[in-house]
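K.L.:
got a structure for you, letters missing:
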């Protein structure tokens, strides 16, 4: 049984109501609250709705249709909370839009990864489905993003990510305060590379599994801002900006195509 919110009901964490969404059925999910405004405005005319905790939200217009843009914060727990409330507000499709570190030589800084599946190296998704359950994207949404990347002539790969609960040990980073990585993670990046994994990030597995459990369709697209086969450094601002512009163009083109088909 689904428990939808009343139209005027303001939900506890996101501080959103159905009335505020103006009928929006699609949500874009950046992690960073600071990225919400630029993403929303890249879609079209946009207005701020509310900012509460890690959840900053804007309502954008694409092809005259309302699209919600809301930050999830970093990691699975806050992402799942956001998805629960979005489902209650009537959202049906979600696209995670974020940044990532590549672990594949062919993925350069500023490139885009369209994620088809995620390694569940996190705990949130296990509260929704057993670990044997796959974290996979919705095929139709993913194909729309691929189509949009092709139409925009933007470098991309379709890949599998590792979604880690931590930025340092779970992603086998040694540039932390202590430099210590738990034994189970030592050498793990090479193992993931051997299995064809393309990148590390922190939310996609939770997005895919939680969405499946809630009856939502989900996709994920990330811009590469660290090329870990060469360095642990985050890309300089101009490269970071290039990655953002690219995934914004892909998402907008994909949404336009989706709305036109409907």
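P.N.:
Arrived safely. What you see is a predicted model; the values in this text were computed from it and never measured. Numbering: from 1, shown residues only.
K.L.:
can you give me the helices for the stretch 101-250 of the chain?
P.N.:
Counting by DSSP state H, counting those that start in this stretch, the stretch 101-250 of the chain has helices at residues 139-152, 188-194, 204-214, 237-261.
K.L.:
ok, and which of the ones you listed has the densest surroundings?
P.N.:
When you average the neighbours per residue for each of the helices of the stretch 101-250 of the chain (mean count of other CB atoms under 10 Å), helix 204-214 leads with a mean of 27. C-beta coordinates here come from the backbone N, C-alpha and C atoms, glycine included.
K.L.:
So residue 69 versus residue 60, what's the distance?
P.N.:
6 Å (CB to CB, to the nearest Å).
K.L.:
These two - which one has more neighbours?
P.N.:
residue 69 (30 against 25; other CB atoms under 10 Å).
K.L.:
Can you report how many residues lie near the closest residue to the more buried one other than its chain neighbours?
P.N.:
Leaving aside its sequence neighbours, residue 69 sits nearest to residue 40 (CB to CB, 6 or more residues apart in numbering; 4.2 Å). Neighbour count of residue 40, defined by other CB under 10 Å: 27.
K.L.:
And for the one 3 residues further on?
P.N.:
The tally of other residues near residue 43 (other CB under 10 Å) stands at 21.
K.L.:
what's the pLDDT at the residue of the chain positioned farthest from its centre?
P.N.:
Distance from the centre of the chain peaks at residue 178, with 29.2 Å (CA atoms, centre = their mean). We have a pLDDT of 98 for residue 178.
K.L.:
Ramachandran angles for it?
P.N.:
phi -100, psi -20 (degrees, to the nearest 10).
K.L.:
need the helices of the stretch 101-250 of the chain in TSV with mean pLDDT and distance to residue 9, can you?
P.N.:
Formatted as TSV, these follow (pLDDT from 0 to 100; distance: least, CB to CB, whole Å):
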stretch	mean pLDDT	distance to residue 9
helix 139-152	98	28
helix 188-194	99	42
helix 204-214	99	18
helix 237-261	97	27
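K.L.:
Skipping its backbone neighbours, what lies nearest residue 211 in space?
P.N.:
residue 218 is the one closest to residue 211 (CB to CB, 6+ apart), at 3.7 Å.
K.L.:
And for residue 49?
P.N.:
residue 57 (4.3 Å).
K.L.:
and residue 231, how many neighbours?
P.N.:
Count around residue 231 with other CB under 10 Å applied: 11.
K.L.:
Distance-wise, check it relative to residue 195.
P.N.:
Between residue 231 and residue 195 the computed distance is 22 Å (CB to CB).
K.L.:
now swap in residue 74 and tell me
P.N.:
Distance from residue 74 to residue 195, counting by CB to CB: 25 Å.
K.L.:
which of the two has more neighbours?
P.N.:
residue 74 (17 against 10).
K.L.:
The more buried one reaches residue 35, doesn't it?
P.N.:
No - the pair residue 74 / residue 35 is not scored as a contact, 11.9 Å apart, by CB atoms under 8 Å.
K.L.:
a strand runs through residue 98, doesn't it?
P.N.:
Yes - Residue 98: assigned to a strand according to DSSP: H, G, I helix; E, B strand; the rest coil.
K.L.:
Could you give the number of residues near it?
P.N.:
Residue 98, neighbours per other CB under 10 Å, totals 25.
K.L.:
Give me the most central residue, this protein.
P.N.:
The residue lying closest to the centre of the chain (CA atoms, centre = their mean) is residue 96, at 2.3 Å.
K.L.:
and that one, what is it in contact with?
P.N.:
Residues counted as contacts of residue 96 (CB atoms under 8 Å, 6 or more residues apart in numbering) are 29-31, 72, 115, 203-204, 207, 218-222.
K.L.:
Next, work out how far apart it and residue 201 are.
P.N.:
9 Å.
K.L.:
Spit out the residues that contact the two alike.
P.N.:
residue 222.
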